[in-house]
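Novice: here you go, sequence then predicted model.
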Amino acid sequence: MKWLPGIALAAAAALLSWGIHALIPAVPLLTAAVALGIIVAQIPALRPALGGPLKAGLGVASKKFMRLGVVLLGLKLSLVDILGLGWISIAMIVVIVLLTFVGTIGLGRAFKLPGHQPLLIATGFSICGASAIGAMSGVVRAKDEETATPVALVTLCGTLAIAVLPLLWHPLGLSNEQFGQWVGASVHDVGQVVATAQIAGPAALAVAIVVKLTRVVLLAPMVATVAGIERRKHSAAVALAEATGGTAPDAGARPPIVPLFVLGFLAAVVVRTVLPVPDAVLEVADWMQTALLAMALFGLGSAVRLRELVLTGWRALLVGLLSWVLIAGLAWAVVVYV
């Protein structure tokens, strides 16, 4: 039961995040959870506990709870609503996600970011923020320090979007619906999308959510593709070790063809699409999904060390800002010209 103290702290943080969101609706609950984790991680007196008795529970929250939350996220998605956007809009959303994903990986490599950071930043900025980073980090088995920086960056830029995009709404000459499309196609976290788009009215909010959830659907094929690549790399490393007499990688480290939580996510999408799921069930699932992701994102945030990020992470910060500009620019061009 060594994980209980960390789980209890994550649950308390999720409850506090809910309170902050209730008092200040403009602050998305999940953004508040990440921010609380980051704040706690900067308190020197708490660091021994975070690295000691709380570590196991926070690890369970950031990994296992994240995957369960992603599965339940699928119940928010109805393929009928997504198809209602039309094939051209769907194709353009896919193009925006792919260009941002590939472009951000290219930026990360150009700035020589270490390890899996380019991949994780690309995943978070192109698909669905810190939730996507957590899902992808589990597939590539990224270290906590590799995950922490992308989580901090996507939280920072998503929070900036809540303030910056509304200021550009009228100067760019966007209608209410166009603004909703722009927000849904460019802002990272679902809660941040809601906080940004709601100022333009219910119609803008509705289209923003559908566009955003269309991006979320792409999490499954992205993660499955990366898992396949990692699996081939593992097999190649084993074959090389056998041929040269070297040490073979751990067989248990071989990624599955398709991660189990991705299959669960897709199954939830299918259930929501083809079955008349009662509203009460959807409400309970939404509450559970929010609670699980809030606890998971607090756990991820607790691994962020801002001092190290400021001193050594300026390249990652620049990559994150450029990626944010890239996706916002691509989304604006599609909304205006397509």
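Specialist: Thanks, I have it. Residues are numbered from 1 along each chain as shown.
Novice: separation between Ala45 and Val27?
Specialist: From Ala45 across to Val27, the span is 26 Å (CB to CB, to the nearest Å). Heads up, the C-betas are built off the backbone N, CA and C, glycines and all.
Novice: more neighbours, these two?
Specialist: Higher neighbour count among Ala45 and Val27: Val27, with 19 against 6, using other CB atoms under 10 Å.
Novice: three-state assignment of that one?
Specialist: State at Val27, reduced to three classes by DSSP: H, G, I helix; E, B strand; the rest coil: coil.
Novice: that one reaches Leu16, doesn't it?
Specialist: No. In this structure, Val27 is not within contact of Leu16 by CB atoms under 8 Å, at 11.8 Å.
Novice: what's downstream of the strand or helix carrying Leu30, the next helix or strand?
Specialist: In this structure, Leu30 sits in helix 29-41 according to DSSP states H and E. Where DSSP H and E defines the elements, the next helix or strand beyond helix 29-41 is helix 47-50.
Novice: count the neighbours of Glu308 for me.
Specialist: Using other CB under 10 Å, Glu308 has 12 other residues around it.
Novice: buried set for whichever strand or helix holds it?
Specialist: Element membership of Glu308 [criterion: DSSP H and E] is helix 306-312. Residues of helix 306-312 classed as buried by neighbour count (16 or more other CB atoms under 10 Å): Leu309.
Novice: rounded mean pLDDT for it, please.
Specialist: For helix 306-312, mean pLDDT rounds to 71.
Novice: mind listing what's buried along the helix holding Leu30?
Specialist: For helix 29-41, a neighbour-count test (16+ other CB under 10 Å) marks Leu29, Leu30, Thr31, Ala32, Ala33, Val34, Ala35, Leu36, Gly37, Ile38, Val40, Ala41 as buried.
Novice: same check, this time on stretch 197-207
Specialist: For stretch 197-207, burial by neighbour count (16+ other CB under 10 Å) applies to Ala197, Gln198, Ile199, Ala200, Ala204, Leu205, Val207.
Novice: that one - what's its average pLDDT?
Specialist: Here stretch 197-207 scores 88 as its mean pLDDT.
Novice: with stretch 150-157 instead?
Specialist: The average of the pLDDT scores along stretch 150-157 is 88.
Novice: then stretch 24-41?
Specialist: Mean pLDDT, stretch 24-41: 89.
Novice: if we can go back for a sec, now the buried residues of stretch 197-207 in TSV, with secondary structure?
Specialist: Listed next are these as TSV, based on three-state DSSP:
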residue	secondary structure
Ala197	helix
Gln198	helix
Ile199	helix
Ala200	helix
Ala204	helix
Leu205	helix
Val207	helix
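Novice: quick one: which of the residues you listed is nearest to Ser89?
Specialist: Closest approach between the buried residues of stretch 197-207 and Ser89, by CB to CB: Val207, at 9.6 Å.
Novice: which residues touch the closest one?
Specialist: Val207 is in contact with Glu177, Gly180, Gln181, Gly184, counting by CB atoms under 8 Å, 6 or more residues apart in numbering.
Novice: for Ile20, state which of those residues is nearest.
Specialist: Of all the contacts of Val207, Gly184 has the smallest distance to Ile20: 24.0 Å, by CB to CB.
Novice: Thr159: what's its closest spatial neighbour, skipping adjacent residues?
Specialist: Leaving aside its chain neighbours, Thr159 sits nearest to Thr31 (6.0 Å; criterion: CB to CB, 6 or more residues apart in numbering).
Novice: then Met295?
Specialist: Leaving aside its sequence neighbours, Met295 sits nearest to Ala10 (CB to CB, 6+ apart; 3.9 Å).
Novice: and the helix or strand that neighbour falls within, how far out from the chain's middle?
Specialist: Here Ala10 sits within helix 4-23, counting by DSSP H and E. Helix 4-23 sits 19 Å away from the centroid of its parent chain (CA atoms, centre = their mean, to the nearest Å).
Novice: please consider this matter closed, and thank you.
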